[in-house]
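S.K.: build me a model:
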Amino acid sequence: MPLTAPETHLSQAAPMRYAQGMSNTPPPGDRIAKVLARAGIASRREAERMIEAGRVTVNGKTIDSPALNVTPSDRITVDGKPVAEPEPARLWLYHKPTGLVTTNRDEKGRPTIFDNLPEDMPRVMSVGRLDLNSEGLLLLTNDGAIKRKLELPSTGWLRKYRVRINGRPKDEDFAPLRQGLVIEGEKFQPMTVTLDRQQGANAWLTIGLREGKNREIRRAIEDIGFTVNRLLRVSYGPFQLGNLKPGEVEEIRRRVLRDQLGLEPETQPAAAAKRPSRPQRSRRPVGKKSRN
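M.R.: Residues are numbered from 1 along each chain as shown. Just a heads-up that it's a prediction; the model follows:
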């Protein structure tokens, strides 16, 4: 049975009463989708779809709308499994190898980036994507709000790539990329392009962009008559790939994460304070056993 108004902290009627000035006190707690995202269950949008599908219960009652606030005292389940207390927001650097898709499941049965992550990592989500044949820095987080914030175009963080193309280009060949392209009706923002060196039949470039459209660099390079045969992301905003080897992960220190994203200092519950602290960094190669 769907959760009814008296059994929730925020019913369908509550926002209306608040908007009409009948109550000057906002409802307690946080929206249920935000809580699920914070617990690493799914992004807010995915959590809303789970709620609409009847997969979420609060205090034993199925809910069918994300217009609900919950507090730590509420009992929440997803698909019958209790939702654990959310961990602090965390962010990892991951060196994605080629040959892996950036998705939880692949309809073609190809291996995904999540198949070989360290077993002690919590459920994580990727910030954006790198396509099958691309490699390099991919950010992973356990927090749906951070994922959304980092992916927003308004964030405007520069992403840098080392790109190898076939051919002998001249610097002026990249003028269209620096000015901004329109390919099949889709507008690409101007990129920064540096011609680094010629290596035999190939040339190495450094390309920077501030948006992440599907196969953006490959399509832009093809549009000016060249072909990308290697693409490696080396940075995403202030976060650098550095010496991280393919398949390795490294956690960003929480203080650095808070400073870079402008997050509020964390308030740890007493129970959490008693838990042994986890190491801030961990590295595992791709060859380790996959998580179940």
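S.K.: please make it C-alpha for all contacts and neighbour counts, starting now.
M.R.: OK.
S.K.: burial count for the residue lying closest to residue 149 once chain neighbours are set aside?
M.R.: Closest residue in space to residue 149, ignoring its immediate chain neighbours: residue 155 at 7.2 Å, by C-alpha to C-alpha, 6 or more residues apart in numbering. Applying other C-alpha atoms under 10 Å, we find 13 other residues in the vicinity of residue 155.
S.K.: SS state for residue 259?
M.R.: Put simply, residue 259 is helix when judged by DSSP: H, G, I helix; E, B strand; the rest coil.
S.K.: residue 78 versus the closest residue to residue 212 other than its chain neighbours, what's the distance?
M.R.: In space, and not counting its chain neighbours, residue 212 is closest to residue 128: 7.5 Å by C-alpha to C-alpha, 6+ apart. Separation of residue 128 from residue 78 (C-alpha to C-alpha, to the nearest Å) stands at 25 Å.
S.K.: do you know how far the closest residue to residue 76 other than its chain neighbours is from residue 169?
M.R.: Sequence neighbours aside, residue 58 is the residue nearest to residue 76 in space, at 4.6 Å (criterion: C-alpha to C-alpha, 6+ apart). Here residue 58 is placed at a distance of 61 Å from residue 169 (C-alpha to C-alpha).
S.K.: neighbour count winner among these two?
M.R.: Neighbour comparison, residue 58 and residue 169: the larger count goes to residue 58, with 20 against 16 (by other C-alpha under 10 Å).
S.K.: partner residues bridging the more buried one?
M.R.: Per DSSP bridges, the residues bridged to residue 58 are residue 61, residue 76.
S.K.: hmm, residue 229 and residue 165 touching each other?
M.R.: Yes. Judged on C-alpha atoms under 8 Å, residue 165 makes contact with residue 229 at a distance of 5.6 Å.
S.K.: looking at these two, which is more packed in?
M.R.: residue 165 (22 against 13).
S.K.: so which helix or strand takes in the nearest residue to residue 174 once chain neighbours are set aside?
M.R.: Counting by C-alpha to C-alpha, 6+ apart, the nearest residue to residue 174 once its immediate chain neighbours are dropped is residue 193, at 6.9 Å. Using DSSP states H and E, residue 193 maps to strand 192-199.
S.K.: what sits closest to residue 143 if chain neighbours are left out?
M.R.: That would be residue 38: by C-alpha to C-alpha, 6+ apart, it lies 5.0 Å from residue 143.
S.K.: and the contacts of whatever helix or strand residue 229 lives in?
M.R.: Following DSSP H and E, one finds residue 229 within strand 227-236. With C-alpha atoms under 8 Å, 6 or more residues apart in numbering as the test, strand 227-236 has contacts from 133-138, 157-167, 218, 221-222, 240-242.
S.K.: just the strands from the stretch 1-150 of the chain, written as ranges.
M.R.: For the stretch 1-150 of the chain, applying DSSP state E, counting those that start in this stretch gives strands covering 30-31, 56-58, 61-62, 69-70, 76-78, 81-82, 91-96, 125-127, 135-141.
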